[in-house]
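*Asks:* sequence and computational prediction follow.
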Amino acid sequence: MSIVQVLFYFMGLITLASALTVAISKNLVRSIFMFFITLFALAGLYVLALADFVAVTQIVIYVGGILVLILFAFMLSGKEALAAAQLQSNRFVSLSNLPALLLALLFLVVMINIIFKADVSNLQWIKEANGVKNVIGSNESMINNIGINLMTRYLLPFEAISVLLMVALVGAAHLSRKEGTRV
């Protein structure tokens, strides 16, 4: 087993363990910080997949932006809202959660089926891309190519995403306000 495989399994284990802790934990503060670890471990998996731009984007946007918004919303929320969230049903398996659990189980079965039956090396589109040499190697400058495409070909979607993130910021600020204060 190579060092890359060991790192992949290690980062995958950290990602899965912290994500499960986020989903299962009843403590909101612990869930937020474990979500922080999940996002960083996911960025590590992107680095191992030679997607360095996606890894940096993961850290800058999700860890630096979205997670900070979640922390601010948590810090600005009132004690009453946090107490109401703590009083909710503590049972993981209940009749109200049954549709979500069945959907998650179905999704897990489909994913396991795909993993065991997929033969990635014999996919038609991969064979065609290799045949016409339409493959980006890890030694080429991928970040320059992505930057040029973002500022030319994909400028409109890039700006639309920035407006969407701004709307999410305003919405998070609105939701974190106290009930009695109006502007």
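*Replies:* Arrived safely, thanks for sending.
*Asks:* any idea which element the nearest residue to M151 once chain neighbours are set aside lies in?
*Replies:* Excluding the flanking residues, the one nearest M151 by Cβ to Cβ, 6 or more residues apart in numbering is F158, at 7.8 Å. For glycine as for every other residue, the C-beta is placed from the backbone atoms N, C-alpha and C. Using DSSP states H and E, F158 sits in helix 155-176.
*Asks:* packing partners of that helix?
*Replies:* helix 67-76 (3 or more Cβ pairs under 8 Å, 6 or more residues apart in numbering; DSSP states H and E).
*Asks:* K127 and L50, how far apart?
*Replies:* Distance of K127 to L50, given as Cβ to Cβ, to the nearest Å: 21 Å.
*Asks:* picking that back up, just the C-alphas of the helix holding F158, formatted as PDB.
*Replies:* What follows is helix 155-176, C-alpha atoms only, in PDB (Å, rounded to 0.1, in the frame of the first residue of the first chain):
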ATOM      1  CA  LEU A 155     -18.000  34.900 -16.000                       C
ATOM      2  CA  LEU A 156     -21.800  35.100 -15.800                       C
ATOM      3  CA  PRO A 157     -22.300  32.000 -13.600                       C
ATOM      4  CA  PHE A 158     -19.400  33.100 -11.500                       C
ATOM      5  CA  GLU A 159     -21.100  36.500 -10.800                       C
ATOM      6  CA  ALA A 160     -24.400  34.800 -10.300                       C
ATOM      7  CA  ILE A 161     -22.900  32.600  -7.600                       C
ATOM      8  CA  SER A 162     -21.400  35.700  -5.900                       C
ATOM      9  CA  VAL A 163     -24.900  37.300  -5.800                       C
ATOM     10  CA  LEU A 164     -26.300  34.100  -4.400                       C
ATOM     11  CA  LEU A 165     -23.700  34.000  -1.700                       C
ATOM     12  CA  MET A 166     -24.500  37.700  -0.900                       C
ATOM     13  CA  VAL A 167     -28.200  36.800  -0.600                       C
ATOM     14  CA  ALA A 168     -27.200  33.900   1.800                       C
ATOM     15  CA  LEU A 169     -25.200  36.400   3.900                       C
ATOM     16  CA  VAL A 170     -28.100  38.800   4.100                       C
ATOM     17  CA  GLY A 171     -30.500  35.900   4.900                       C
ATOM     18  CA  ALA A 172     -28.200  34.600   7.700                       C
ATOM     19  CA  ALA A 173     -27.900  38.100   9.200                       C
ATOM     20  CA  HIS A 174     -31.700  38.400   9.100                       C
ATOM     21  CA  LEU A 175     -32.300  35.000  10.700                       C
ATOM     22  CA  SER A 176     -29.800  35.700  13.400                       C
END
